[in-house]
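Novice: Got a predicted structure plus its sequence, pasted below:
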Amino acid sequence: MNQTDENTTASYKHHLDYLSDELKLLDLKLLKGFYRTKTFGQMDKNDGASPFYISDGEVLTLLETDKKTDRSEFPNRRIEKIDKQILSLQNEMKIKAANTDAGFLQFPMQQLVAIFDLDSFEAAVLLMALALETDKKYERIFAYFNDDLNKKAPSLETVFLALKPDMKDPVRRNVNAAYGYFSSQASLCTFSLIRFVNQEDERSFLSKRFRIDPGIRSFLLNGNDIHPLLGDISKLEYPKKVKDLSGFKLKVREEIKKVLFACMDKESRGLLFWLHGKSDAEKESIVSALCAEMNIALLKADFEDISLVKQPETVLELLLRESILKSAVLYIKSGDLLINEDEKHMYLRRSFIKALGKFSLISFIDAREFWKPENIEGVFDWYAIEVKPPNYFDRRIIWAKWLEKLNFKEDDLDCIAGRYTFSEKRIMTTARYLKLRYDHGPLALDKLVRACGIQGSNRLPKYSKKISPHYTWNDLILPDEKNQHLKEVCNTLKNKHIVYYRWEFDKKLALGKGINILFTGPSGTGKTMTAEVIASDLGMDLHKVDLSSVVSKYIGETEKNLSRIFEETDSGNTILFFDEADALFGKRSEVKDAHDRYANIEINYLLQKIEEHESVIILSSNFGTNIDDAFLRRMQFTVEFPFPDKKHRQMIWQKIFPDKAPLSDEINFKFLAKKIDVSGGHIKNIALASAFLAAEDCSEIMMNHIIDAARREYQKIGKVFVDSDFHPYAGLKGKTGD
């Protein structure tokens, strides 16, 4: 085979082969730069390598490939020969690159040149910086050119000495051009492809030294590593294809694709999708499915994490650049932070918009609220899409799909789809739990309800206390009318799917699909117990809101805390219980100062959240008249708990003691109900205290124990206890008094 045939068939088998030739070319250019600094006979005679000194001979040994070179030749003669070697190698590389199938093998350096529109000089600068990362010999070579063993990175003087061979005096004649290449507006710096590493005492322009950026190094060496500054705040994924995308997701995905195709015909610039709405899980899965269909990666991050770093503007630019280098779609959560008007988040917003202006890419922002940035025309295209959670009919289809083999009744699926506003991801999680737990025979509705209850929020401990319901309807002592009223409350939720969705009442209601209940009445009349009974009957979690952790003296913080509570409990499996609700839901006052104004703002915010909430909210107040009228209008049910009369007090006494409690036959429940005129909460305290008195006496619970416990309870609540009223039981053995 002749030379021509060899050139025709020669090609690159691996991108590192191409990089190897690029480094050979760099060695020749550095060698030429070496000889350009010499005149005949000027080279030193020390050819040995030394840790304290880099000789001319050592540099020549590191750079020359031809060991038979006559080093005594005139430098100009050597430069002529090197030029021929450079030209020959360049031609050889062009032929091999042309013979390499672009579909089979792509060269990272050429990709980088295309992405950032670099010229040959800028590409050579990057290669010089990359060389330092590929072979330790370059540390000594660059230290030689810098005339300092401690300065191992290439300097700008070395760059112009080696990479501008067409100029007789490139350093002096191209200083102005150098400023242009290495200014903050030029590609090398504006895209952070290189970074300067100078010490404080190095202030001249040509003495500046530089290294390649870690992310660019990884890209050129065909690595998949994320930039070190992005490792803790981002994640690169390669989504798997989804076989059957749910109908409501498919609709959003098709809208996104329509916009993408429309933008392909426009001038190349960034395209930002603002995905807003409550359906966080749905947004991410839609974008993930789109990436899988397009066979591209997904780079995920969170503005919450970005806002906490020292230099968010740098991280944002690196994040967008990483997305381009990895050919990935960028997806960033917590987009609502960009809307905030405090100084910190305004800076974050400006930094993000500025970064978008530099890079042409597709990005998605996940936010709850709608927003449109100002002054973006000509910078990047912006498109907002509302992603709503799956509605009842979507949920019904998803439940049926994932519970197909568990033999649930159709009516049960209707009920669950109507009661719980779960995302598809949460439905899948619940279904997996059921398949693992119950794998034999058809399942009843209560098991499905129990599985849904397990999916409750784990992010509320700071703001609320989870109460495990253990009371039932049998424990509740109320007038029949009140019991019936409370059962209507539970039946409303159980039949929600029929009224709202089968009978289409939901089309008449833009908001207010949740169930809001107000309990009023004196302390101890059973309001908290009733909340537990309802939670137990419905199979829902009960979270008692801790007002001390919610209410803040700082402006706006109370609203943030409340927003977190409502968001985390809006899926239908949690009852929010506000005890002593007067503190938050009290009447609005006349505005006399700033405190009144902000207090009224909090109440207005609560009104809005209660209307939007789709689960169950219970407000409890000892004085219903203290609740603001606007809240009363939004209550579907208002239940007033009466002070128990003698009949109901007797029923409470008869049920307050557990079955295993040793009660004396002498206990007269009718007498206790008549004489001890207190609410059920106080009766519970008296019964418990009497049990401890009996345990101390090693006896059954007797009347004297109950009367003595009642005396203490009267003292606690400031009520006068008259012994004669409790004749013949007061004053018996065991009396505890002063």
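Specialist: Sure, I can see it. Numbers count the residues shown, from 1 in each chain.
Novice: correct me, but Val545 touches Thr574?
Specialist: No - under the criterion of Cβ atoms under 8 Å, Val545 is not in contact with Thr574, lying 11.1 Å apart. Heads up, the C-betas are built off the backbone N, CA and C, glycines and all.
Novice: Common neighbours of those two, please.
Specialist: Common contacts of Val545 and Thr574 (Cβ atoms under 8 Å, 6 or more residues apart in numbering): none found.
Novice: Next SSE downstream of the helix or strand harbouring Cys291?
Specialist: Cys291 is part of helix 280-294 when elements are defined by DSSP states H and E. Later in the chain than helix 280-294, the nearest helix or strand by DSSP H and E is strand 297-302.
Novice: helices or strands up against that following strand?
Specialist: strand 234-237, helix 280-294, helix 312-325, strand 328-333 (3 or more Cβ pairs under 8 Å, 6 or more residues apart in numbering; DSSP states H and E).
Novice: Among those, which comes closest to Ile534?
Specialist: For the helices and strands packed on strand 297-302, proximity to Ile534 was assessed by Cβ to Cβ; helix 280-294 is nearest, at 28.3 Å.
Novice: Using PDB, write down the CA coordinates of the closest one.
Specialist: Provided in PDB are the C-alpha atoms of helix 280-294 (Å, rounded to 0.1, in the frame of the first residue of the first chain):
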ATOM      1  CA  ASP A 280     -44.700  19.300  41.800                       C
ATOM      2  CA  ALA A 281     -44.400  15.500  41.200                       C
ATOM      3  CA  GLU A 282     -46.400  15.700  38.000                       C
ATOM      4  CA  LYS A 283     -44.200  18.500  36.500                       C
ATOM      5  CA  GLU A 284     -41.000  16.600  37.100                       C
ATOM      6  CA  SER A 285     -42.400  13.400  35.700                       C
ATOM      7  CA  ILE A 286     -43.600  15.200  32.600                       C
ATOM      8  CA  VAL A 287     -40.200  16.700  31.900                       C
ATOM      9  CA  SER A 288     -38.500  13.400  32.700                       C
ATOM     10  CA  ALA A 289     -40.800  11.600  30.200                       C
ATOM     11  CA  LEU A 290     -40.000  14.200  27.600                       C
ATOM     12  CA  CYS A 291     -36.300  13.800  28.000                       C
ATOM     13  CA  ALA A 292     -36.600  10.000  27.800                       C
ATOM     14  CA  GLU A 293     -38.600  10.400  24.500                       C
ATOM     15  CA  MET A 294     -35.900  12.800  23.100                       C
END
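Novice: Tell me which residues are up against that helix.
Specialist: With contact meaning Cβ under 8 Å, 6+ apart, helix 280-294 is reached by 237, 239-242, 245, 248-249, 252-253, 256-257, 275, 277, 297-298, 300, 328-329, 331, 333, 364, 366, 387, 389-390, 423-426.
Novice: which stretches of the stretch 151-300 of the chain have low pLDDT?
Specialist: Along the stretch 151-300 of the chain, segments meeting pLDDT under 70 span 164-178, 199-203, 265-268.
Novice: now the stretch 601-738 of the chain
Specialist: Using pLDDT under 70, the flagged stretches of the stretch 601-738 of the chain are 601-602, 730-738.
Novice: Can you list the residue ranges for strands in it?
Specialist: Taking DSSP state E, counting those that start in this stretch, the strands of the stretch 601-738 of the chain run over residues 616-621, 637-640.
Novice: mind giving me TSV with those and columns for mean neighbour count?
Specialist: As requested, those are arranged in TSV below (neighbours: other Cβ atoms under 10 Å):
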stretch	mean neighbour count
strand 616-621	25
strand 637-640	16
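Novice: need the ones you listed in a markdown table with distance to Arg36, can you?
Specialist: Formatted as a markdown table, the strands of the stretch 601-738 of the chain follow (distance: least, Cβ to Cβ, whole Å):
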| stretch | distance to Arg36 |
| --- | --- |
| strand 616-621 | 81 |
| strand 637-640 | 92 |
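Novice: Of these, which is nearest Ala162?
Specialist: strand 616-621 (73.2 Å).
Novice: Give the pairing partners of the closest one; include direction for each.
Specialist: Here strand 616-621 has these sheet partners by DSSP bridges: strand 515-520 (parallel), strand 574-578 (parallel).
Novice: pLDDT of the longest one, averaged?
Specialist: Looking back up the chat, that one is strand 515-520. The pLDDT scores in strand 515-520 average 90.
Novice: Pull the distance from it to the chain's centre.
Specialist: 34 Å (Cα atoms, centre = their mean, to the nearest Å).
Novice: what's the closest non-adjacent residue to Asp213?
Specialist: Spatial nearest neighbour of Asp213, excluding adjacent residues (Cβ to Cβ, 6 or more residues apart in numbering): Ser192 at 5.4 Å.
Novice: Going along the chain, name the strands of this protein.
Specialist: For the chain, strands defined by DSSP state E occupy the ranges 194-196, 210-212, 234-237, 270-276, 297-302, 328-333, 362-367, 380-386, 464-467, 515-520, 541-545, 574-578, 616-621, 637-640.
Novice: In the sheet, which residues pair with Ile365? Tell me.
Specialist: Beta-bridge pairing of Ile365, defined through DSSP bridges, involves Trp274, Ile332.
Novice: ok, it - how many residues close by?
Specialist: 23 (other Cβ atoms under 10 Å).
Novice: From what I see, it and Leu271 are in contact.
Specialist: No - look at Ile365 against Leu271 with Cβ under 8 Å: they stay out of range, at 11.6 Å.
Novice: contact partners of stretch 98-112?
Specialist: Counting by Cβ under 8 Å, 6+ apart, 8-15, 18-19, 22, 97, 118, 123, 126-127, 193, 216, 219-222 sit against stretch 98-112.
Novice: Please apply the same query to stretch 332-340.
Specialist: By Cβ under 8 Å, 6+ apart, stretch 332-340 touches 274, 276, 280, 284, 300-304, 306-307, 319, 345-346, 348-349, 352, 363-369, 371, 373.
Novice: what comes up buried for it?
Specialist: Across stretch 332-340, burial judged by 16 or more other Cβ atoms under 10 Å covers Ile332, Lys333, Ser334, Gly335, Asp336, Leu337, Leu338.
Novice: Stretch 688-705 now?
Specialist: Ala689, Ser690, Ala691, Leu693, Ala694, Ile701, Met702, Met703, Asn704, His705.
Novice: Quickly note the distance from the third one to Asn340.
Specialist: Counting by Cβ to Cβ, to the nearest Å, the separation of Ala691 from Asn340 is 55 Å.
Novice: Equivalent analysis for the fifth one, please.
Specialist: Noted for Ala694: a distance of 61 Å to Asn340, by Cβ to Cβ.
Novice: And for Gln650?
Specialist: Gln650 is 59 Å from Asn340, by Cβ to Cβ.
Novice: And Glu666, by the same measure?
Specialist: 69 Å.
Novice: Gly215 now?
Specialist: Counting by Cβ to Cβ - Gly215 and Asn340 are separated by 29 Å.
Novice: Spell out which residues sit in contact with Asp381, please.
Specialist: Neighbour list for Asp381: Cys263, Lys266, Arg269, Gly270, Leu271, Leu272 [criterion: Cβ under 8 Å, 6+ apart].
Novice: Next, give me the two most distant ones among those residues.
Specialist: Of all the pairs that the contacts of Asp381 form, the one spanning the most space (Cβ to Cβ) is Lys266 and Leu272, at 13.8 Å.
Novice: More neighbours: which of those two?
Specialist: Using other Cβ under 10 Å as the criterion, Lys266 and Leu272 rank with Leu272 on top: 23 against 9.
Novice: My guess is that one contacts Tyr383. True?
Specialist: Yes - under the criterion of Cβ under 8 Å, Leu272 makes contact with Tyr383 at 7.1 Å.
Novice: and Met44, what pLDDT?
Specialist: Let me fix one detail, which is that residue 44 is Asp and not Met. 60.
Novice: longest helix in the protein, by residue count?
Specialist: Using DSSP state H to define each element, the chain has its longest helix at helix 75-99.
Novice: Just give me how far that helix sits from the chain centre.
Specialist: For helix 75-99 - counting by Cα atoms, centre = their mean - the centre lies 53 Å from the chain centre.
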